[in-house]
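>>> Prediction below, plus the sequence it came from.
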Amino acid sequence: AAAEAEAPKAEYSDAFRKLAGPVQTLVNEKKWAEVLAALPQLEAIESPTRDDKKAIATWRLQATQGVDDQDGFAAAIETFLAEGYADPENVGAMHRQLAAYYSGKKDNAKTLEHFQKFVEATPDVQTDEYETLGRLQLQGGQNAEACQTLGKAIDLAKSKNEKPKDLWFQLRDRCFIEMKDDASRLSNLEALVAEYPDKEYYGRIVALFQSQSKDDRIVMLNAYRLAVSDPAGGLATVGGYLNYADTAMVAGSPGEAMRALERGMKEGIVPNAGTNQQALATAKAAVASDKKTLPAEAAAAAKNAKGEVDVKVGLGFYSTGDYAQAAEVIRRGIAKGGVARLDDANLLLGASLLELGKTEEAKAAFEAAKAAAAPGSPLGQIADLWLARVARGGSAPAAG
């Protein structure tokens with residue numbers, strides 16, 4: 001009652017008061033066509049007050065909606081908003097109505113304009129509304145804005161302990177491609193594969209590492225190992241598996257080449273014939289040979305003062321699938337010192353431990369790899385992806 005007493009009284013002109021009574025009666029009786037017919041006379045009065053104009057605009061809103069004149073109703077809403085007649089709590093809903101109207105008209109620019117204003121005027125925006133705005137921004141070429149909006153959807157879902165949609169990450173991927181921002185694209189894909197491990201997403205990540213590192217052998221071996229050792233991951237193309245096999249053979253890890261080819265064939269991605277079968281046979285023969293020589297190599301490495309020798313032998317054990325021996329020898333090498341790439345060595349140690357199901361020890365190794373890697377380096381990013389996998393769970397080997 002106090003609020004009503006303090007509210008400003010409407011100020012109508014005398015001319016408006018003379019004509020408004022019959023129109024108000026028509027409004028009360030919902031005779032919308034007659035209301036519309038009467039409005040031009042009201043709009044023609046001289047020097048109308050703001051309250052005169054607001055009343056006329058309100059009646060036009062009601063009448064155009066009442067006769068189902070969608071074009072007239074949209075125009076009436078636009079006027080109502082432009083003149084500032086709408087109460088704050090109604091502004092968002094009115095912009096959303098206009099966005100829906102212009103969407104039906106295939107007017108993308110106007111749809112985006114009003115949906116953006118709807119979001120800005122809404123205090124409790126939902127994730128699907130951020131998604132819609134992000135799609136509209138992407139469609140309108142506003143890639144940076146779309147990335148930010150979709151990021152809000154992801155953050156909001158996480159704040160509610162809900163799993164973000166993979167679609168939001170994929171739409172952001174399109175944005176970053178358009179922006180030619182590979183660094184942000186890689187971070188987004190890392191977040192995507194942490195939530196949704198999938199061979200297609202891993203394939204994109206591997207391709208980015210390949211481009212960024214200029215096909216650096218150590219980086220690529222670690223990237224391929226990460227993807228293919230994940231039971232939920234893998235690679236999406238025959239080229240991916242064959243490149244992994246080639247990289248592993250050159251690096252002295254034929255067992256990884258064997259497991260890559262076997263998984264690719266099992267998934268129907270790598271043709272099980274011809275040169276692929278020859279490559280698999282070559283890898284298997286190399287593994288058989290390594291199994292015979294590794295014990296002596298391990299004994300010699302134990303006597304060597306340089307830890308780097310142990311790490312190389314550890315790679316051999318990882319290759320043959322003897323993960324317990326791999327972990328033991330790599331740890332010994334790291335403890336000795338003299339390891340050229342501590343980030344690489346710890347990644348291999350973590351991968352070995354994860355195959356053994358020792359997730360906490362694996363996590364510690366991956367954290368050590370990240371600490372040893374240069375900030376923002378590919379191996380540091382690969383360590384983050386391993387840590388995401390550990391957090392996700394699932395340590396069973398993918399093949400072999």
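Ah, there it is.
>>> where in the stretch 51-200 of the chain is pLDDT low?
In the predicted model of the stretch 51-200 of the chain, no residue satisfies pLDDT under 70.
>>> which residue ranges form the helices in it?
Secondary structure of the stretch 51-200 of the chain (DSSP state H, counting those that start in this stretch): helices at 70-82, 88-104, 108-121, 127-139, 143-159, 166-179, 182-195, 199-213.
>>> could you dump these to a markdown table with mean neighbour count and distance to R263?
For glycine as for every other residue, the C-beta is placed from the backbone atoms N, C-alpha and C. Below are the helices of the stretch 51-200 of the chain laid out as a markdown table (neighbours: other C-beta atoms under 10 Å; distance: least, C-beta to C-beta, whole Å):
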| stretch | mean neighbour count | distance to R263 |
| --- | --- | --- |
| helix 70-82 | 17 | 57 |
| helix 88-104 | 17 | 45 |
| helix 108-121 | 19 | 44 |
| helix 127-139 | 20 | 34 |
| helix 143-159 | 19 | 31 |
| helix 166-179 | 19 | 23 |
| helix 182-195 | 19 | 17 |
| helix 199-213 | 19 | 10 |
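>>> Out of those helices, which gets nearest to A285?
Smallest distance to A285 across those (C-beta to C-beta): 26.9 Å, for helix 199-213.
>>> next structured bit after the closest one?
Downstream of helix 199-213, the first helix or strand assigned by DSSP states H and E is helix 217-229.
>>> Nearest the geometric middle of the chain, what residue?
By C-alpha atoms, centre = their mean, the chain has its centre lying nearest to F169, at 1.9 Å.
>>> Run through the residues that contact that one.
150, 154, 188-189, 191-192, 195-196 (C-beta atoms under 8 Å, 6 or more residues apart in numbering).
>>> Redo the helices of the stretch 51-200 of the chain as JSON lines? Include distance to V390.
Output for the helices of the stretch 51-200 of the chain, formatted as JSON lines (distance: least, C-beta to C-beta, whole Å):
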{"stretch": "helix 70-82", "distance to V390": "52"}
{"stretch": "helix 88-104", "distance to V390": "43"}
{"stretch": "helix 108-121", "distance to V390": "37"}
{"stretch": "helix 127-139", "distance to V390": "27"}
{"stretch": "helix 143-159", "distance to V390": "19"}
{"stretch": "helix 166-179", "distance to V390": "20"}
{"stretch": "helix 182-195", "distance to V390": "10"}
{"stretch": "helix 199-213", "distance to V390": "16"}
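>>> K54 is nearest to which of these?
helix 70-82 (8.4 Å).
>>> which strands and helices sit next to that closest one?
Helix 70-82 sits against helix 50-66, helix 88-104, with contacts defined as 3 or more C-beta pairs under 8 Å, 6 or more residues apart in numbering; DSSP states H and E.
>>> The last one versus helix 50-66: what angle between them?
Angular relation of helix 88-104 and helix 50-66 on a 0 to 180 degree scale: 40 degrees, by axes from the mean of the first three to the mean of the last three C-alpha atoms, to 10 degrees.
>>> Quick one: distance of helix 88-104 to the chain centre.
How far helix 88-104 lies from its chain's middle: 28 Å, per C-alpha atoms, centre = their mean, to the nearest Å.
>>> Ok, stretch 132-145 next?
Remark: stretch 132-145 is offset 15 Å from the chain centroid, using C-alpha atoms, centre = their mean.
>>> what do you get for stretch 78-87?
37 Å.
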